[in-house]
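Q: pasting the structure only:
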């Protein structure tokens, strides 16, 4: 399948205007709730969206929407409980959802034709808990988080009072889970029970590996996508990992001069490494998978960012400076950002720099209020959301574009709706409001 990283926004020469806007009732019909809308997956020019409905039975409706026109593509929505979905190789859509089977709550995995919504295969995982799913190589991996005595949302009395509890991760009870691998045709390949608390499935489309993170923050485990074999386990909270086609890399000793980066093949065998370097943060990336030719790293002894080849273990280039976060923002660029910089006369600020992934050439730096967040990059302009001078996040969905060749703002748009958020799906820009008067709108 090969590496599939973030892509650039379509050209944003001027402030975008609305192309189409769809409410929940436009998408799902007159019985849809107006206060619930989610995008569950995107790819191949399609958005897979979900929302609550009351008929033909209470539940969550799922349907594919054409990203260019905003029109539903299936004859009718599919009704389930909550749906977790991924689009894999060949445009296959797979969704995991809870269902009652022989009186017990289990996980049903359906494999759809993305264009028509026709189910080509279904599988059942008879293990209690909430499912998550990711596309991996030419198939899918489903994790069921072991939770006993769970019910279904559709079975809850509409007048029932729901109580939410908040706990520190360290206070959560230990839990087990089950991981199952499938081909894109829906055939079960393997099933394994991971270590206790390894219950956070990291998205890894484009890799032939999959990772599970400890929900208490103390380690992770890595598996082959074709066999389910566990090839690496870490129990140290400071370790990081990145996946790539044919292997993975582990970063140890983060924020220390003794930090190391170690490369492994898909069988877990050590292939070489670097001392004095650490992996760049991937927490805000859409996936834990990177291009094996450009693994992002940070130098430990002085502030510098660079990339290293997983094949040669050689550093290709470095750029000096502090970076709190390094994000691959499109096919050919990294976005370096620093935050929490305090100026006595200006409050907290944030600095943004684009770096060419092949050469390390840097753009001009842009300074904004701390409340800005990156939406996308069109190859010339960095589009940021949030009020230009705000030093808190989140805030109103303002949009500003900066020409990264000059560092100057080239256009600015007024907030559209205070409860909505800007999202990039594929190369397109969308405004999504998930609650209240929920809607999805495409801007161009």
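A: Cool, got the structure. Note that the structure is a prediction, hence the values are computed from the model and not measured.
Q: Please make it C-alpha for all contacts and neighbour counts, starting now.
A: OK.
Q: Compute the number of surrounding residues for the residue nearest to residue 237 when sequence neighbours are not counted.
A: Leaving aside its sequence neighbours, residue 237 sits nearest to residue 218 (Cα to Cα, 6 or more residues apart in numbering; 4.1 Å). By other Cα atoms under 10 Å, the residues close to residue 218 number 16.
Q: Verify the stated contact: residue 218 with residue 235.
A: Yes - if you go by Cα atoms under 8 Å, residue 218 and residue 235 touch, sitting 5.5 Å apart.
Q: gap between residue 330 and residue 430?
A: According to Cα to Cα, to the nearest Å, residue 330 stands 17 Å off from residue 430.
Q: the helices in this structure, which residues?
A: With DSSP state H applied, the chain shows helices at 24-28, listed in chain order.
Q: Please name the bridge partners of residue 64.
A: Beta bridges link residue 64 to residue 48, judged by DSSP bridges.
Q: Run a quick neighbour tally on it.
A: Counted with other Cα under 10 Å, residues neighbouring residue 64 total 29.
Q: OK, contacts around it?
A: Applying Cα atoms under 8 Å, 6 or more residues apart in numbering to residue 64 gives the contacts 46-49, 72-74, 114-115, 117.
Q: can I get those residues in TSV with distance to residue 319 and neighbour count?
A: Putting these into TSV (distance: Cα to Cα, whole Å; neighbours: other Cα atoms under 10 Å) gives the following:
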residue	distance to residue 319	neighbour count
46	37	22
47	37	25
48	39	23
49	40	24
72	46	21
73	46	19
74	49	18
114	42	24
115	44	18
117	47	19
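Q: Most widely separated two among these?
A: Maximum pairwise distance among the contacts of residue 64 (Cα to Cα): 13.5 Å, between 49 and 115.
Q: mind giving me the domain split of this structure?
A: Per the record, the chain has its domains at 252-319, 322-413, by automatic domain parsing.
Q: Is it possible to get a markdown table of the ones you listed that adds mean pLDDT and distance to residue 58?
A: A markdown table is the format used below for the domains of the chain (pLDDT from 0 to 100; distance: least, Cα to Cα, whole Å):
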| stretch | mean pLDDT | distance to residue 58 |
| --- | --- | --- |
| domain 252-319 | 88 | 31 |
| domain 322-413 | 84 | 32 |
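Q: which stretch among those domains comes nearest residue 133?
A: Nearest of these to residue 133, taken as Cα to Cα: domain 252-319 at 12.8 Å.
Q: how long is that closest one from one end to the other?
A: 22 Å.
Q: and what of stretch 163-176?
A: From its first residue to its last, stretch 163-176 covers 24 Å (Cα to Cα).
Q: Same question for stretch 256-274.
A: The straight-line separation of the ends of stretch 256-274 (Cα to Cα) is 14 Å.
Q: How about it, which residues are buried there?
A: By neighbour count on 16 or more other Cα atoms under 10 Å, the buried set for stretch 256-274 is 259-268, 273-274.
Q: Correct me if wrong: residue 24 contacts residue 38.
A: No - Residue 24 lies out of contact with residue 38 (Cα under 8 Å); the separation is 9.9 Å.
Q: From the structure, what's the count of residues near residue 169?
A: Burial measure for residue 169: 11 neighbouring residues, criterion other Cα under 10 Å.
Q: try the one 3 residues further on
A: Around residue 172 there are 12 other residues, counting by other Cα under 10 Å.
Q: Tell me who's in contact with it.
A: By Cα under 8 Å, 6+ apart, the residues touching residue 172 are residue 216.
Q: Give me the pLDDT value at it.
A: Here the pLDDT value assigned to residue 172 is 81.
Q: And it, how far from residue 201?
A: Distance of residue 172 to residue 201, computed by Cα to Cα: 18 Å.
Q: Ok, residue 253 next?
A: From residue 253 across to residue 201, the span is 23 Å (Cα to Cα).
Q: Which of these two has more residues huddled nearby?
A: Taking other Cα under 10 Å, residue 253 and residue 201 do not tie; residue 201 has more neighbours (23 against 20).
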